[in-house]
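**Q** structure here, sequence nowhere to be found:
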């Protein structure tokens, strides 16, 4: 699914595509404010996602957010910006690590369907 691929303009400029930094521990910003910190991140081709710990904001829930929802990475401030509101993320499926381990493709499909409307249609590469 394209939703699991970082857009090229998220991490590269001028036609260059530098390696993504380790995003673990970075802040995550929704279109209307801070939502949490990255607990885990993957960088696999066509299978990249972030696990965001929302802390007390929605009672310690975690969300698996596909890479295609990321709009911008600010290396200097160590922030990741996603193209969704807090409520859209709050209403997303909970991260289920057990289901992910036992049914990766099915789980990614189900989660991806929720996030697909928020992903970018621009050219992507992971």
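**A** Received the coordinates, thanks. A quick note: this is a predicted structure, and the numbers were derived from the prediction, not measured.
**Q** now do the contacts for residue 84.
**A** Going by Cβ atoms under 8 Å, 6 or more residues apart in numbering, residue 84 touches 30-31, 69, 115, 118. For the C-beta atoms, the positions are set from N, CA and C on the backbone; glycine is no exception.
**Q** go again using 6 Å as the cut-off
**A** By Cβ atoms under 6 Å, 6 or more residues apart in numbering, the contact set of residue 84 is 30, 118.
**Q** just say helix, strand or coil for it.
**A** Secondary structure, DSSP: H, G, I helix; E, B strand; the rest coil: residue 84 is coil.
**Q** ramachandran coordinates for it?
**A** Listed backbone geometry of residue 84 is phi -140, psi 160, with angles given as degrees, to the nearest 10.
**Q** look up how far residue 65 lies from it.
**A** For residue 84, the distance to residue 65 under the criterion Cβ to Cβ, to the nearest Å works out to 8 Å.
**Q** got it, and residue 21?
**A** Spatial separation of residue 21 from residue 65 under the definition Cβ to Cβ is 17 Å.
**Q** kindly report the same for residue 73.
**A** When distance is defined by Cβ to Cβ, residue 73 is 13 Å away from residue 65.
**Q** counting neighbours, go ahead and name the busier of residue 21 and residue 65.
**A** Each of residue 21 and residue 65 has its neighbours counted (other Cβ atoms under 10 Å); residue 65 has more, 27 against 13.
**Q** that one bridge partners, please.
**A** Each beta-bridge partner of residue 65 is listed here: residue 50, as defined by DSSP bridges.
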